[in-house]
Structures are given as C-alpha cells and as structure tokens.
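> Build me a structure from this.
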Amino acid sequence: MSIFLRHDSYKDSGISWIDEIPSHWMVERAKWLFCKMDRPVRPEDDVVTAFRDGQVTLRKNRRTEGFTNALQEHGYQGIRRGDLVIHAMDAFAGAIGVSDSDGKSTPVYSVCVPYGNFPVNAHYYAHLLRYMSRSGYIQSLAKGIRERSTDFRFNDFANLFLPIPSKQEQDQIVAFLDEKTAEIDDAIAKKKRLIELLQEQKAILINRAVTQGLDPNVSMRDSGVAWLGQVPAHWEVKRAKHLSSFITSGPRGWATYYADDGSYFLQSGNLNNSVGIELEKANRVNPPNGAEGKRTKLRNNDVLICVTGANTGRVAIAKIHDNEVYINQHLCLVRSTSQIVPSYLAYCLHSLVGQTYFLLQQYGLKEGLGLDDVKNAPVLVPPISEQIAISSFIENTIAQIDELEISVLKQITKLNEFKATLISDAVTGKIKV
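A predicted model of the protein is given here:
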C-alpha cells in the first residue's frame, strides 16, 4: 500500500501514455507550453552537454574525454541557465533536463523556454519527459514517425499532449522530488560505498592469505623480491613458467566460426571479478579442425589471464567441467603442473601481489601483457597441503563477501525502482504531494 495520499478525484487524461490524471489538471499540447529558442552564440560560451542521467551542464563540469569535437561549429546555438534541453538523438535514453549553466550546444539539441500561455516549471516537465523516456514511450513515438531512427525533434515534442498541474503544484512536485530523490541517492551512494569496502576487504584477505598463509605465528624471511617483502620461511618463490606445463594465448579471426550453438568461446568480458568465468554469457563457435583449435581448447581448472584490453590482468579459474571451451586472443591460459593447485595459482595472480606485477610490466607505453610477462610472474609456493587450505579459505571468503555484495546490489536495485516509481507517480498525479 502506498504511503502517499491520492487526489480527491480523477478523470480520463485523453493522453495515450497516462490513463488518468487529477480532475483539476488541464491537458494541452506542448507547443502551447514551450517554444524553441535559436539564440546566437557568444564568444564566452562553452559547450553544454545533456547527459543520460538528466544533468545538463557545461561539458567541462563532468568530463573532457570521450566526446567528438566539431572542427567547425555549424549551427551552434546559445543555451541559458534554466532552459529545458532535449537531446534529439538521446532523448529516448533520458538525455533531457534543465540546464544549470549558460553556454552553447549543437543544433541536435532542442532548447525550450516557457511559451507564456501557461505558467510552467521547466524542472517538472524535465521529470515528466524523463518518465516518458524510461517507460519507452519516446522511443516508440520516434519509431512510429521515422523507421529505424530514435530522433525526438522539437516538432515531435510540440505536438504531444501533456498534463498541466497548476504552477503551485508543479513547484511542490519539483521540491518534493528534489528532497526525496536526494535522500534516495544518498542511500544508494552509501550502499555503493559499502560494496567498495567489501571488495577492498576481499582483496586484503586474499593478499594476506597468499603472502603470509593462515598461521599468524609462522616464521618469516625476506622474499628476495623488493615489492614482495617478507614471506613464510618455508615457502618458495618461483616463476609461473616453472609451475606450468603449457602457456599460450588464444587465436585471432574466429568471428567467422560464431554459431547459435556449439562450443563456448571465452572473451575477456566473460571473466568476472571473483576469479570465475561466466560461461552462460560466452559466444558460441563451431571451431576449426587442426592444431589451432587443439592448442586453445581449455581443460577444467586451467588458469586464465586477460592480456590485452580494458580488463588486462584479470584472472579466473576455468571451471568448465565437461563443456568444450576455447579462448580468444585477449586471453592467456596457464596449465599448472602437480607442484601447484590451480585455484591457488589463480588466487596468487589475482592478489594485490600478482596485480602489482602485471601493472609493473605494463608501465610506460606498453599495451597489455606478453606471454613472457605471464611466464615470469612470481608465485609464492607453500607446500601442497597449505595451498589446498589457503584455496579453501579464499573460496569461502569470496563466497561470503559475494553473497553480501549481491544482497546490497538488490537493495540498490529496489531503491532505484522506488525512485523511478516515485517520480512517475508524482509527475502523473497518482500521488498528492
């Protein structure tokens, strides 16, 4: 049951995407509420960007990378603080909001100001339009107008029928949503920070286990590696190549072998942050016959390392059981010998010690890791019995922390859902604020 009150009476809205609105609200086309501006650009104007989270601000306030900059600013227009800004190409994804800055933008933006016939609060209509975006209405409207396009131009907006609460109610709705969404965003931020702390705790526990073991009273000695420090006196420090029977990377050009079913084809994105693989998300292939296929076919418990791309250094243990699985060129497989437990090797390379080594190998202009970098990775080697005990401890630790993370992520999802519902109910009059 909703904790918010409803209005005294409702009527059919006459709007396809709202079933009913409060009886005293009006309905009119957007063109009687807003007009499109086409201001000249001033020399001091910087670029304003409409982001998909609804913020419209100077680009430099958010980030300066990842944008395509025009060599010549043909058709650029002025934007003023308080303008309702609609990104024609990205409106379907939520790039609609009220600008917090003066500046300029490309002509792909519709810059709207109140028309004067009705008093309006631009922030209320930004919330309303973003609700229309989240519901999929703007995308469906664009597809209906021009096939294979998500344009939402000013003429499309202008002809929409929109609800019109009184100006006082619009102001109240905006103030209410500002307060409540800030509270929800604060709760979400705290939960995200909790996840970060859990991940930090997991990393510390793993690193401690693979560098100090599980016995707090064990005798220590210098490892002989400057950034490794002291290690248990009875442990050895060996290179990965001396603990492996086989180290190789995957093939290139297998996109032509993709299939709807068949064998699995792992890529770097299929390695998760918990030293595991997500086999169900992998592409499928019908692999070619010959040495290339045999060389890159995984065995159960092979250790995988991402050697190029955004996930360079990520490590996983390939628990594939009876599945036939291959790897692409961004992954390296390490097949361990009987001297080391595969899961223990994976945790060593995944630990802060292993990740520090991989980062050092990439220092400077080098992109990614080579097979020699993997082969020469230092590994701390306790007796097999300790490797098994450490692996078991880490697996239990990861499972417990991952369970907590999943619980917190579900709470974040519910908070986001509540926020979206609260906004939609407020802007469409389902609740009285």
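> Against Gly94, how distant is the residue lying closest to Ala209 once chain neighbours are set aside?
In this structure, Ala209 finds its nearest non-sequential neighbour in Ile390, 5.0 Å apart by C-beta to C-beta, 6 or more residues apart in numbering. Using the backbone N, CA and C atoms, a C-beta is placed for each residue, glycine as well. From Ile390 over to Gly94 the distance is 46 Å, taken as C-beta to C-beta, to the nearest Å.
> next one: Gln199
28 Å.
> Settle it for me: which of these two has more neighbours?
Gly94 (20 against 15; other C-beta atoms under 10 Å).
> pLDDT at that one, what is it?
On pLDDT, Gly94 comes in at 93.
> This protein - how does it break down into domains?
Taking automatic domain parsing as the criterion, the chain consists of the domains 26-164, 236-381.
> Redo those domains as a markdown table? Include distance to Thr413.
Listed next are the domains of the chain as a markdown table, based on distance: least, C-beta to C-beta, whole Å:
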| stretch | distance to Thr413 |
| --- | --- |
| domain 26-164 | 14 |
| domain 236-381 | 18 |
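> Check the residue lying closest to Val433 once chain neighbours are set aside and give its pLDDT.
Leaving aside its sequence neighbours, Val433 sits nearest to Phe176 (C-beta to C-beta, 6+ apart; 4.1 Å). Note on Phe176: pLDDT of 98.
> Give me the helices and strands touching the host helix or strand of Phe176, please.
Taking DSSP states H and E as the definition, Phe176 sits inside helix 167-212. Packing partners of helix 167-212 (3 or more C-beta pairs under 8 Å, 6 or more residues apart in numbering; DSSP states H and E): helix 122-134, strand 230-232, helix 342-350, helix 352-361, helix 384-427.
> Enumerate every residue touching the closest residue to Asp222 other than its chain neighbours.
Computed as C-beta to C-beta, 6+ apart, the closest residue to Asp222 that is not its neighbour in sequence is Gln230, at 5.8 Å. By C-beta atoms under 8 Å, 6 or more residues apart in numbering, the contact list for Gln230 reads 220-223.
> ok, 10 Å please
211-212, 219-223 (C-beta atoms under 10 Å, 6 or more residues apart in numbering).
> what about the stretch 101-250 of the chain, any weak spots by pLDDT?
142-149 (pLDDT under 70).
> make it 90
For the stretch 101-250 of the chain, the stretches with pLDDT under 90 are 115-118, 138-151, 223-229, 250.
> before we move on, back to that, buried subset of the contacts of Gln230?
Neighbour counting with 16 or more other C-beta atoms under 10 Å marks 211-212, 223 as buried within the contacts of Gln230.
> what about Asn270, distance to Leu298?
Asn270 is 12 Å from Leu298, by C-beta to C-beta.
> Common neighbours of these two, please.
In contact with both Asn270 and Leu298: 264, 277, 304, 325, 327, 331, using C-beta under 10 Å, 6+ apart.
> Sort out for me which of those residues are in strands.
Judged by DSSP state E, the shared contacts of Asn270 and Leu298 include 264, 304, 325, 327, 331 as members of strands.
> wait, Gly370 sits on Cys332?
Yes: contact status for Gly370 versus Cys332: in contact at 9.2 Å, counting by C-beta atoms under 10 Å.
> residues shared between the contacts of those two?
In contact with both Gly370 and Cys332: 249, 307-308, using C-beta under 10 Å, 6+ apart.
> In helices only, show me the contacts of Gln230.
211-212 (DSSP state H).
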